[in-house]
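Asker: Attaching a predicted model along with its sequence, questions to come.
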Amino acid sequence: MADRTRALFDAGIALTSELSLDALLEKLAGTAAELTGARYAALGVIDPTGRELEHFVAHGVDAETHAAIGDLPRGRGILGVLIRDAEPLRLHDLAGDPRSVGFPPNHPLMKTFLGVPIMLRGVAYGNLYLTEKEGGEDFTEEDQELVTLLAGQAAVAIENARLYESSRRWADQLQSLIDVGNALARETDLEKILTLVADRLRELIDARLLLVLVPEPGGVLRIAAAAGDGAAEVVGTRVAREDSKAGKVLERMQSELIDSVIEDPEIDRELARRMAMNTGLYVPMLIRDHAIGVIHAVDKLVSDRRFTNEDRRLSEIFAARAAVAVDQSRRIERETFRRMVEAQELERRRLARELHDETGQALTSILLGLHGLDTKDGDALRSAVASLRELVVETLHDVRRLAVELRPTALDDFGLVAALERLTGTFSEQTGIAVDLESRLRENERLPTEVETVLYRIVQEALTNVVKHARAERVSIVLMRNERGVSAVIEDDGRGFRPDANGGGLGLVGMRERVALVDGTLEIESSDGGGTTLVVEVPLR
């Protein structure tokens, strides 16, 4: 007895040091068999409902026999008696007990039996089952006492292992939430945000399929993103809000767990059949008490397919963060569109003024000149035709210039430096103002399209101001890279102006708005008679 007590004490120390639940159960079954001389031992862990087993570990049965037996027991017959009564049970002949339901095919023959509940603070965690004591003898009262003591130690060890696994799982989930939150904060593209939500949340809650649905005009919900089994086939599918579970959840703004799809009358039957759905979890994406979408998880990857309250809680936290990211993305999209439209309108107004003030007046002069040709002859006619020809040529140059200003092809084909070389060359030829262009960018370096466009337009507007207002003889333009991005410095030796008195003129408002579109800065240094310097800095993301 002393040796067995010592072995029990050593077993208790070994059990309390094990933090993996599966490894703990296997070690516990093997220890019980060794202490009692049983050929076979098993340990069943009761599920949260208290009605059946969720884990079952067997000792003494080889892998081939395991495979031949098939599904592990769920807690029927004698095993169910122990679950219901939670009292030790010893039997001389297991199969002969009237409560027995027999053995499945290929199961080893078992006769003698000892079952002991694993209890802690009045709560049953599971049961230890021992069969076939060595020598064909019955299990004794002493065996029962030893196994009962072992079961008491096991209950504490099982609870510790569960707490450890729960804390580790929550730590992993928390880290995942932090990682996803950081990723969502950096991302502004709505489609990428929704795809990220679907991918990461599916992994966190072990869903077979996860959908993100967003409302659209016409009373429908569109599956905007999906991850998992059959995701590609359902993306883009539209369902009626009023005839679907997702629509009801969106309206009620409350999460719902569905343990059985066939028992819920609000489920969209056609979509459920298409996805082979058994269970579901629906979570609204809420922002300022307003639902902007629904997360729908399909079938948890466990034996009964059901999601848990922990899955719902985690999904709600995730959905709240995702809703903020989606809302931010939509705000940025709307603001960018608004500013882009405003910039386009400013450009249209400028071109309209030029067409009216310059090209329109030139064409009017041509018409007036043509009207008087029929009254002229000889030298007077030739002189009038020559004047009209010059005016037509000038007007044609103006039209071509406006076309270039709308969108220079060199900017698309060859990049910023080449486009500016052509712009400044043409400018010098037409105005006689010398322009020094220096690029300190890498040879053939291409910048993002929006950056090249902004810098080109700023230089273009600056040269227009030089002609119209500065009375300069020389202009210097320098492009360079720095730690923050790209900068352009434009200097002229003209008469200058007072920036505080002309902050809204000389095209400066349009310049500032263009630079703001790419989160850049514009600084102006000028004074009466002292020339003008523009410094533009544009970040590169």
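Answerer: Good, I have the coordinates. Residues are numbered from 1 along each chain as shown.
Asker: does V536 sit in a helix, a strand or a coil?
Answerer: strand (DSSP: H, G, I helix; E, B strand; the rest coil).
Asker: Could I get the pLDDT score of V466?
Answerer: Listed pLDDT for V466 reads 90.
Asker: so who does it touch?
Answerer: Applying C-beta atoms under 8 Å, 6 or more residues apart in numbering to V466 gives the contacts I433, A472, V475, D492, G494. Every residue, glycine included, has its C-beta placed from N, CA and C.
Asker: buried ones in stretch 528-541?
Answerer: G531, T532, L534, V536, E537, V538 (16 or more other C-beta atoms under 10 Å).
Asker: Which of the contacts of V466 fall within strands?
Answerer: Residues of these located in strands (DSSP state E): V475, D492.
Asker: Out of the contacts of V466, which comes closest to F113?
Answerer: V475 (100.5 Å; C-beta to C-beta).
Asker: show me the contacts for that closest one.
Answerer: For V475, counting by C-beta under 8 Å, 6+ apart, the contacting residues are T424, I433, A434, V435, D436, A462, L463, V466, I490, E491, D492.
Asker: And these, which is closest to L508?
Answerer: Using C-beta to C-beta, the contacts of V475 come closest to L508 at A462, 10.0 Å.
Asker: ok so, going back, using TSV, lay out the contacts of V475 together with distance to A325.
Answerer: Formatted as TSV, the contacts of V475 follow (distance: C-beta to C-beta, whole Å):
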residue	distance to A325
T424	44
I433	50
A434	52
V435	46
D436	47
A462	39
L463	42
V466	45
I490	39
E491	43
D492	46
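Asker: Going through those, which ones are buried?
Answerer: Buried among those by 16+ other C-beta under 10 Å: T424, I433, V435, A462, L463, V466, I490, E491, D492.
Asker: Just the pLDDT at the last one, thanks.
Answerer: Read that as D492. So, for D492, pLDDT stands at 94.
Asker: Is it in contact with K468, as I believe?
Answerer: No: checked against C-beta atoms under 8 Å, the pair D492 and K468 is beyond contact range at 12.0 Å.
Asker: Just the pLDDT for the residue nearest to A227 when sequence neighbours are not counted.
Answerer: Excluding the flanking residues, the one nearest A227 by C-beta to C-beta, 6 or more residues apart in numbering is A198, at 3.9 Å. pLDDT recorded at A198 is 85.
Asker: Correct me if wrong, but A198 is in a strand.
Answerer: No: applying three-state DSSP, one finds A198 to be helix, outside a strand.
Asker: outside of stretch 514-529, which residues touch it?
Answerer: Contacts for stretch 514-529 (C-beta under 8 Å, 6+ apart): 336, 339-340, 343, 450-451, 454, 457-458, 485, 495-499, 508, 511-512, 532-539.
Asker: er, stretch 423-438 actually
Answerer: Residues contacting stretch 423-438 (C-beta under 8 Å, 6+ apart): 397, 404, 408, 420-421, 456, 459-460, 463, 466-467, 472-479.
Asker: okay, now V239: neighbour count?
Answerer: The local packing of V239 (other C-beta atoms under 10 Å) involves 18 other residues.
Asker: got a list of what it touches?
Answerer: L213, V220, L221, I223, A246, G247, D268, L271.
Asker: of those, closest to R321?
Answerer: The closest of the contacts of V239, once distances to R321 are taken by C-beta to C-beta, is L213, at 17.6 Å.
Asker: by contact count, what packs against the helix or strand hosting the closest one?
Answerer: Using DSSP states H and E, L213 maps to strand 207-216. Counting by 3 or more C-beta pairs under 8 Å, 6 or more residues apart in numbering; DSSP states H and E, the packing neighbours recorded for strand 207-216 are helix 190-205, strand 220-228, helix 231-234, helix 245-252, strand 291-300.
Asker: And the ones you listed: which comes nearest D85?
Answerer: strand 291-300 (31.4 Å).
Asker: Tell me who's in contact with the closest residue to Y282 other than its chain neighbours.
Answerer: Of all residues not flanking Y282 in the chain, V249 sits nearest, at 4.2 Å (C-beta to C-beta, 6+ apart). Contact analysis of V249 by C-beta under 8 Å, 6+ apart lists S255, E256, Y282, V283, P284, V294.
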